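Asker: give me a model of this one.
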Amino acid sequence: MSVLRVSGSLVEVAPMPGVAMYDVVLLGPDRLPGEVVEIGDRRLTVQAYEDTGGLAPGAAAAPQGAPLSARLGPHLLGAVFDGLLRPLSSAGPWLVPGAAALGAGDEGRWDFTPSARPGATAAPGDELGTVATAAPVPVRVLVPPGVAGAVTELA
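Answerer: Predicted coordinates for the structure are as follows:
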């Protein structure tokens with residue numbers, strides 16, 4: 001898979017099997033992220049999210065097999081991110097295209113303190129526990145709407 005043409009932030013790419021609209025494609029040696037905005041018989045059009053300066057025909061294009069998504073959780077509280085959810089606190093004074101991986105860095109492991117006990121009855125909106133974050137207020141983990149019953153285990 002390779003770049004065919006670059007016109008500003010629009011990049012034409014050779015057809016790739018299995019690529020769907022809105023899928024993320026990483027472009028060139030800097031792995032610039034972009035989104036598929038048009039699928040044609042002989043090409044895909046990708047809207048690059050970053051400056052395409054230096055990107056040229058023949059550069060590699062790697063489909064990611066999914067649209068852009070964000071991992072949500074307590075790690076987002078109290079931080080500042082760019083439009084691709086990359087933390088700006090570690091970006092330095094100048095943003096370098098493709099320098100950071102997509103998404104916020106935390107792998108989804110947080111300290112959970114249960115407040116409900118096994119055997120208790122839980123209803124929608126009841127607190128099951130809290131997650132400590134860098135923010136001054138802990139995140140409350142609640143029973144979702146439409147879910148109720150006995151608490152058998154908390155982990």
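Asker: now do the contacts for G28.
Answerer: Applying Cβ atoms under 8 Å, 6 or more residues apart in numbering, we find G28 in contact with V3, G54, L55, A56, A59, A60, A61, G98. From N, CA and C alone the C-beta is placed, and that goes for glycine too.
Asker: turn those into CSV, including distance to E153 and pLDDT.
Answerer: Formatted as CSV, the contacts of G28 follow (distance: Cβ to Cβ, whole Å; pLDDT from 0 to 100):
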residue, distance to E153, pLDDT
V3, 51, 95
G54, 53, 90
L55, 51, 94
A56, 56, 95
A59, 51, 96
A60, 47, 95
A61, 46, 95
G98, 43, 66
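Asker: and the residues you listed, which is closest to E35?
Answerer: Nearest to E35 among these is A61, at 12.5 Å by Cβ to Cβ.
Asker: so the closest one makes contact with V25?
Answerer: Yes. When contacts are counted by Cβ atoms under 8 Å, A61 is listed as touching V25 (5.5 Å).
Asker: now A59: how far from V37?
Answerer: Distance, A59 to V37, using Cβ to Cβ, to the nearest Å: 18 Å.
Asker: okay, the two: which has more neighbours?
Answerer: For A59 versus V37, neighbours defined as other Cβ atoms under 10 Å are more numerous around A59 (19 against 13).
Asker: give the contact list for that one.
Answerer: Contacts for A59 were tallied using Cβ under 8 Å, 6+ apart; they are S2, V3, L27, G28, P29.
Asker: next step: the contacts of G28 restricted to helices.
Answerer: Judged by DSSP state H, these include no members of helices.
Asker: name the member of these with the most neighbours.
Answerer: Going by other Cβ under 10 Å, A61 tops the contacts of G28 with 24 neighbours.
Asker: hey, what's V131 bridged with?
Answerer: Here V131 shows beta-bridge partners F112, V139, assigned using DSSP bridges.
Asker: which of the contacts of A59 sit farthest apart?
Answerer: Spanning the widest gap among the contacts of A59 are S2 and P29, at 12.1 Å by Cβ to Cβ.
Asker: okay, helices next: where are they in this structure?
Answerer: Under DSSP H, the chain gives no helices.
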